[in-house]
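S.K.: pasting the structure only:
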DNA sequence: GAATTCGGAAACCGATCGGTTTACTGTGGC
DNA sequence: GCCACAGTAAACCGATCGGTTTCCGAATTC
């Protein structure tokens, strides 16, 4: 455990990992011990455990999205860029300590949709839908809004399937997304004719 | 709270509701108080809280499936029978105290896939996939196994979407399932030619 | 009517919960 | 040297955790 990072960074990192691995009911004591930070420091850096939950979720966002979304340098077509998300999710799911999408899992545990952590989760899901939507518009999809939501749903469905450890069916998310894109007439390398 | 049912039934009912509404971390005291059962009775009816979790999940199964699956008296085609599941899910999701599929949510909270409750959840998901599979075979689907898994995934994706309270898009599960069935060439009222 | 069983109420156990407080150690500025 | 600050360790708070035990009342059985 590196002491180099600031207490705040160490706390956010440890919280991100422990809330994911053990659930949001992990104790504050265990959290602080893992982060090498005193409870006193934690409670003057964050108003409450609930706020730490939300902030640790939010702080994971950029790295998570970078891991999931294709970068701007990927100049393949929208279809390929969309399917990249599902391929990368498949890779994460294959890890045996995968416990579902951190945002959905946290929202499930929190139950209360008004909880600051739930708000962050909702925001992240919207960003995923927005990414799909942008690509679908580029591809000239007929109904990009509906299709973007459908793709988000498949993403979360694939994650749920991994959580319950249903018999693995490799790449099922990508296959399903591809089927939906096929049905919408969105083919490889294709851009909207304009 | 009815005192008519046996302590075991009252306990299973209360557990089914409270574990769903408040999460599996709800205390045994609160549980027993809600059920009108003493802790002593609880612990001689169930070995542990974990066993109660599993048994209450299992006991909900039949009613849940009856609410979700079309009955044998529904003699419409496989496509309609499959879409019925999604329509009924939509109705459940519309309730403002919907907190996701109880089986997936519990598995998410338990984290441990070896937990007896997780085993029950996995079993229920397999039963849903099996239902889809049977209908798809009746419809003469080309690849019923893959398609059944895809439909299960859409089911769980729609539930996840409701949990994070993403902007509601009514019937999106049914629409997506229908799109997948269309793509597979499974049309209304159609039975396999044999 | 006596004995036995069932089950609820509640005390009890050590551990942990979220959160606060005190006391102490380092490290920087000046 | 000295002061102020950041931060850790640990005690402390009342509440609750999963689980066990004791006690006692209300049935059931013969």
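M.R.: Received it, and whenever you're ready, just let me know what you need. None of these values were measured; they are calculated from a predicted model.

S.K.: Tell me, how many residues neighbour the residue of chain A found nearest DNA strand C?
M.R.: For chain A and DNA strand C, the shortest gap (Cβ to the nearest atom of the strand) falls at residue A:27, measuring 2.1 Å. All C-beta atoms are positioned from the backbone trio N, CA, C, and that covers glycine. Neighbourhood size, residue A:27 [other Cβ atoms under 10 Å in any protein chain shown]: 11.

S.K.: Could you check how far it is from residue B:48?
M.R.: Noted for residue A:27: a distance of 21 Å to residue B:48, by Cβ to Cβ, to the nearest Å.

S.K.: Repeat that for residue A:30.
M.R.: 22 Å.

S.K.: Could I get the buried residue list for the strand or helix carrying residue A:156?
M.R.: Residue A:156 belongs to helix A:144-163 when assigned by DSSP states H and E. Neighbour counts over helix A:144-163 (16 or more other Cβ atoms under 10 Å in any protein chain shown) mark A:144, A:146-163 as buried.

S.K.: got the residues of chain A near DNA strand D?
M.R.: Residues of chain A lying near DNA strand D by Cβ under 7 Å from any atom of the strand: A:6-7, A:36-41.

S.K.: Do the longest helix seen in chain A and chain B come into contact?
M.R.: If you go by DSSP state H, chain A has its longest helix at helix A:116-138. Yes - counting by Cβ under 8 Å from any Cβ of the partner chain, chain B has neighbours in helix A:116-138: A:118, A:121-122, A:125-126, A:129.

S.K.: my guess is residue A:137 meets residue A:144, correct?
M.R.: Yes - contact criterion Cβ atoms under 8 Å: residue A:137 and residue A:144 qualify, at 5.1 Å.

S.K.: and the nearest residue to residue A:151 once chain neighbours are set aside, how many neighbours does it have?
M.R.: Excluding its sequence neighbours, the residue lying closest to residue A:151 (Cβ to Cβ, 6 or more residues apart in numbering or on different chains) is residue A:132, at 4.6 Å. Residues lying near residue A:132 (other Cβ under 10 Å) number 26.

S.K.: List the contacts of residue A:132.
M.R.: A:82, A:85, A:144, A:147-148, A:151-152 (Cβ atoms under 8 Å, 6 or more residues apart in numbering or on different chains).

S.K.: for the longest helix of chain A, which positions count as buried?
M.R.: Residues of helix A:116-138 classed as buried by neighbour count (16+ other Cβ under 10 Å): A:116-122, A:124-125, A:128-129, A:131-133, A:135-136, A:138.

S.K.: what angle separates it from helix A:144-163?
M.R.: For helix A:116-138 against helix A:144-163, the angle by axes from the mean of the first three to the mean of the last three Cα atoms, to 10 degrees is 130 degrees.

S.K.: average pLDDT for helix A:116-138?
M.R.: Helix A:116-138 shows a mean pLDDT of 96.

S.K.: near DNA strand C, anything from it?
M.R.: No - using Cβ under 7 Å from any atom of the strand, helix A:116-138 stays clear of DNA strand C, with a minimum separation of 12.1 Å.
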